[in-house]
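**Student:** A predicted structure for the sequence below; I have some questions about it.
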Amino acid sequence: MVINNEDKEQQILRGLRIKNIRENELHLNKTDLASKLKISSQFLGLVEKGKGNLTYRSIKLLRDLSGHSADYIIYGLDDSIISDTKKYLEYFSEEDLINGLNLLKDLIYLIKNSKL
C-alpha cells in the first residue's frame, strides 16, 4: 500500500496529537499509555512519530481515557463543543431540553421561511 504525501502528513499530525494528549492532558509516559491502549510502548513511539496508526480498538480506548472524540484524535477536528455542550446540558431537565429543541425547530423554520 502506497501512502501519498497528504496521508503521510496527516499521519504525522495524528501522532503529534496523540503525543500531546499523552504528555499534556493525561500526564502519562509512553509505557503507561501503551499499557492502557493494550499496545507496546515501542509501537506507541512509532505512532507518535507518524510511522504507524492505532487500531480502532486503541483509538476507542484513547477516546475513553482522554474524553476527546475519535474525530479529534484521527482528524484534529475541534471537539471542545462536545464537552462544553455536556456541561451546559447538565443544568436542564429532560423536559427543558425537549422544549428547547422544539423552540429551536420553530426558529429554524422561521429563518428558512422568512423573506428578509
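**Tutor:** In hand now; what should we look at? What you see is a predicted model, and the numbers here were worked out from it, not measured in a lab.

**Student:** What segments of the chain are helices?
**Tutor:** Secondary structure of the chain (DSSP state H): helices located at 5-20, 30-37, 41-48, 56-66, 70-75, 80-89, 94-113.

**Student:** any idea which of the ones you listed scores lowest on pLDDT?
**Tutor:** Within these, the least confident segment by mean pLDDT turns out to be helix 80-89, at a mean of 83.

**Student:** Same list, the helices of the chain, but as TSV with mean neighbour count please.
**Tutor:** All C-beta atoms are positioned from the backbone trio N, CA, C, and that covers glycine. Listed next are these as TSV, based on neighbours: other C-beta atoms under 10 Å:
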stretch	mean neighbour count
helix 5-20	15
helix 30-37	18
helix 41-48	18
helix 56-66	16
helix 70-75	16
helix 80-89	10
helix 94-113	10
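
**Student:** how about the residue nearest to the spatial centre of the chain, what does it touch?
**Tutor:** Nearest residue to the geometric centre of the chain (C-alpha atoms, centre = their mean): residue 69, 2.3 Å. If a contact means C-beta atoms under 8 Å, 6 or more residues apart in numbering, then residue 69 has 63, 77, 79, 82 as its contacts.

**Student:** Now do the contacts for the first one.
**Tutor:** Residue 63 sits next to 69, 70, 73 when contact means C-beta under 8 Å, 6+ apart.

**Student:** if I look at it, how far off is residue 93?
**Tutor:** According to C-beta to C-beta, to the nearest Å, residue 63 stands 28 Å off from residue 93.

**Student:** measure stretch 20-36 end to end?
**Tutor:** Using C-alpha to C-alpha, to the nearest Å, one end of stretch 20-36 lies 16 Å from the other.
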